[in-house]
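Participant: No sequence on hand, only this structure:
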């Protein structure tokens, strides 16, 4: 991938930064995600722990396929030991590739669970703001339906930096506490292809809260 000189004007450039670069996930493969696996009346938060701090994420009920899939993978421990393998200042941090667990860093960003998800893009409700959690994907040239990676995701660290992605990537969650961890991660030293110089592993677990507790503890109004 070419070295980036960052000015947020050209959507194709932005898209190239976030897309999954592998043929490991076929954009035509249908997912088997069961959206009934998690009761939408239950508010399940996700705690993401890194050496740079902890983030708490909320998954939107208005994107049920991505929400159920993310919950399923967290429940299976899929993300534990994966890394934030791509960091771009004033833009985003990206992770969720199971290949980032191995010692070959050159394949980071090319893997997934073996399936893709139909997009749930809704710019009337969910946009790229600071802390937005969105799905990475293959580019339009091989993925005109904008199907999402089955596991790779990114977190916005700049609303101006990522607003050009609105309408092209599925935003399915929000960091509601600990955005400063993402801010620390994104400024770490980088090597080729915007990989962090030092590896940044993560672990995830569920936190179950009532809507009232979420509002009181995190200042976040959950969806009904």
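Facilitator: It's in. Fair warning: this is a prediction, and the values are worked out from it, not measured in the lab. Numbering: from 1, shown residues only.
Participant: OK, contacts around the residue nearest the centre of the chain?
Facilitator: Among the residues of the chain, residue 153 comes closest to the average C-alpha position under C-alpha atoms, centre = their mean, at 2.1 Å. Shown in contact with residue 153 (C-beta atoms under 8 Å, 6 or more residues apart in numbering): 70, 94-96, 133-136. C-beta coordinates here come from the backbone N, C-alpha and C atoms, glycine included.
Participant: got it, and residue 195?
Facilitator: So residue 195 contacts 85-87, 105, 108 (C-beta under 8 Å, 6+ apart).
Participant: Which of those residues has the largest number of neighbours?
Facilitator: Neighbour counts for the contacts of residue 195 (other C-beta atoms under 10 Å) peak at residue 86, which has 27 neighbours.
Participant: longest helix of the chain?
Facilitator: In the chain, taking DSSP state H as the definition, the longest helix is helix 64-75.
Participant: what packs against that one?
Facilitator: Other elements packing on helix 64-75 under the criterion 3 or more C-beta pairs under 8 Å, 6 or more residues apart in numbering; DSSP states H and E are strand 44-50, strand 53-59, strand 116-117, strand 171-177, strand 203-208.
Participant: okay if I get the contacts of residue 153 as JSON lines plus neighbour count, secondary structure and distance to residue 171?
Facilitator: Converted to JSON lines, those look like this (neighbours: other C-beta atoms under 10 Å; DSSP: H, G, I helix; E, B strand; the rest coil; distance: C-beta to C-beta, whole Å):
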{"residue": "70", "neighbour count": "29", "secondary structure": "helix", "distance to residue 171": "13"}
{"residue": "94", "neighbour count": "26", "secondary structure": "strand", "distance to residue 171": "14"}
{"residue": "95", "neighbour count": "26", "secondary structure": "strand", "distance to residue 171": "16"}
{"residue": "96", "neighbour count": "28", "secondary structure": "coil", "distance to residue 171": "15"}
{"residue": "133", "neighbour count": "25", "secondary structure": "strand", "distance to residue 171": "7"}
{"residue": "134", "neighbour count": "28", "secondary structure": "strand", "distance to residue 171": "5"}
{"residue": "135", "neighbour count": "30", "secondary structure": "strand", "distance to residue 171": "8"}
{"residue": "136", "neighbour count": "25", "secondary structure": "coil", "distance to residue 171": "12"}
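Participant: Adding pLDDT and distance to residue 143, write those residues out as JSON lines.
Facilitator: Formatted as JSON lines, the contacts of residue 153 follow (pLDDT from 0 to 100; distance: C-beta to C-beta, whole Å):
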{"residue": "70", "pLDDT": "97", "distance to residue 143": "20"}
{"residue": "94", "pLDDT": "98", "distance to residue 143": "17"}
{"residue": "95", "pLDDT": "98", "distance to residue 143": "20"}
{"residue": "96", "pLDDT": "98", "distance to residue 143": "17"}
{"residue": "133", "pLDDT": "98", "distance to residue 143": "20"}
{"residue": "134", "pLDDT": "98", "distance to residue 143": "15"}
{"residue": "135", "pLDDT": "98", "distance to residue 143": "12"}
{"residue": "136", "pLDDT": "98", "distance to residue 143": "11"}
